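# give me coordinates for this.
(4 chains)
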There are 2 protein chains.
Amino acid sequence: MPKKTSSPKRRSGCPLNASVEILGDRWSLLIIRDMMLRGFRSYKEFLESYERIATNILADRLRKLVAHGIITTERDPSDGRKLIYSLTTKGIDLAPVLTEMVLWAAGHEDTGNQTLVRLMQKDKEKFLAAVRQRWAEKSIRSTAN
Amino acid sequence: MPKKTSSPKRRSGCPLNASVEILGDRWSLLIIRDMMLRGFRSYKEFLESYERIATNILADRLRKLVAHGIITTERDPSDGRKLIYSLTTKGIDLAPVLTEMVLWAAGHEDTGNQTLVRLMQKDKEKFLAAVRQRWAEKSIRSTAN
DNA sequence: ATTTTCACTTGCATTTCACAAGTAAGATGG
DNA sequence: CCATCTTACTTGTGAAATGCAAGTGAAAAT
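I've put the predicted structure just below:
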C-alpha cells in the first residue's frame, strides 16, 4: 500500500502539483538519474557528476529525497564513513518520468547521449524493465521501503 | 525536423539535464497543465488557477516558455488587450511527461482529481491521443510552429 | 601519529521568489 | 467622449533559495 498522509500545506491536491513540489527543481531528478542509470550510491559520486552540484545543495536534496521516501540511507559496513544511498520503489517508479523527459528533450533540443536515447526510443517498456531488473539485483533493501 | 542549435551555457549535454533546465521549477509545468488539460489560454486564466502564481513569475515563465518554443502568443482579434497563448507541437509533446508525473504522484502521494488519474491509468495511449486530438481541433496554428 | 578521505556545515554574496502596488493600452457604459 | 474597468503586465521590497569557498569531525589509510 503506497500513499502517504499528505504533507503540510500543499498548494493544491492536483497530482501534477504534488510531483512538481517534490521534484520541481534543477537538481533532484539529476541525482535520481545518477542512481538509476549510472548506479551512483554515495555523496562523493554525486558531487563528481558532470553538472557540478554544490555541497550544501546536494546535502539538502538528499535530505529531502529521504524525507519524501524516494531514497534511503545506510552506513557502509566496510567503511564507517561512507553512506550508501538507495532508491526505494517509489524512487524506481520515477523511471517512466525520467524516460519521457529524456525522450522529449532528445526530440526537441540539441543533446548528447544518443545511445541511451536510441535504446529508450527502440523499446521503452524493455528499457524500463531492464532498469527495474538491474536495481532489484543490486539491492534487495532498496525496494523494501 | 525538430532540434535547435544548443542554447548558451548548458550544464551538460544530457537530455534529462536539458529538460530539467527548461522545466525544472515549481510553475512551468503547471502552466502547461492548465493549457493542455483545462484549455486555458490567457494570462488572466493562468493567474486565477488554483495554485495562485504571482504576476511577475507568471510573466517570466510565459516569456521563457515562448523563448523555448513551447508556447506561442498572438493578439486576440476580437479584443486588442488580450493575448492568446497556444501550445506548439513541442509543448504538446510534453503530454507523456505530464502523464507520467501525474501517475507517479497518484500512486505514491495523497492527491485528488481521481477521475483524471483513473482515465490515465485505464488507457494511457488513448488519453494521450485524446489530448493531441483536442488540441488539433482547437487551433490549427498551435501545431504549426 | 599524521595525513587523507568522506560527508557534510557554516558564512556570505548573489539570484530568485512572493507579495503589494502601480501602469499603459484597449474596451465598455452613460 | 470621458470616466471607469479590464487585461497584461512592471516595479519595489523583503524573504528565501542558490552558489561558492572554506571549515569541521569522524573514520580510514599510511
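
# so in chain A, where's the weakest helix or strand by average pLDDT?
Of the helices and strands making up chain A, the lowest-confidence element is helix A:124-138, at a mean of 88, by mean pLDDT, DSSP states H and E.

# counting contacts, what elements does it pack onto?
Where contact means 3 or more Cβ pairs under 8 Å, 6 or more residues apart in numbering or on different chains; DSSP states H and E, helix A:124-138 is packed against helix A:28-38, helix A:89-92, helix A:95-108. (Each C-beta comes from the backbone N, C-alpha and C, glycine too.)

# what's the closest of those helices to A:Ser78?
Taking Cβ to Cβ, helix A:28-38 is the member of these nearest to A:Ser78, at 19.7 Å.

# what pLDDT does the residue most central in space within chain A get?
The centroid of chain A falls nearest to A:Ile32 when counting by Cα atoms, centre = their mean (2.0 Å). At A:Ile32, the model reports a pLDDT of 98.

# for chain A, what lies in contact range of DNA strand D?
A:25-27, A:52-57, A:60, A:79-81 (Cβ under 7 Å from any atom of the strand).

# can you rerun that using 6 Å?
Residues of chain A lying near DNA strand D by Cβ under 6 Å from any atom of the strand: A:Asp25, A:Arg26, A:Ala54, A:Thr55, A:Asn56, A:Ile57, A:Asp79, A:Gly80, A:Arg81.

# out of those, which touch DNA strand C?
Residues shared between the residues of chain A next to DNA strand D and the neighbourhood of DNA strand C are A:Thr55, A:Asn56, A:Arg81 [Cβ under 6 Å from any atom of the strand].

# Throw those into TSV and include pLDDT, distance to B:Gly112 and secondary structure, thanks.
What follows is these, written out as TSV (pLDDT from 0 to 100; distance: Cβ to Cβ, whole Å; DSSP: H, G, I helix; E, B strand; the rest coil):
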residue	pLDDT	distance to B:Gly112	secondary structure
A:Thr55	97	38	helix
A:Asn56	97	34	helix
A:Arg81	95	44	strand
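
# that'll do, ta.
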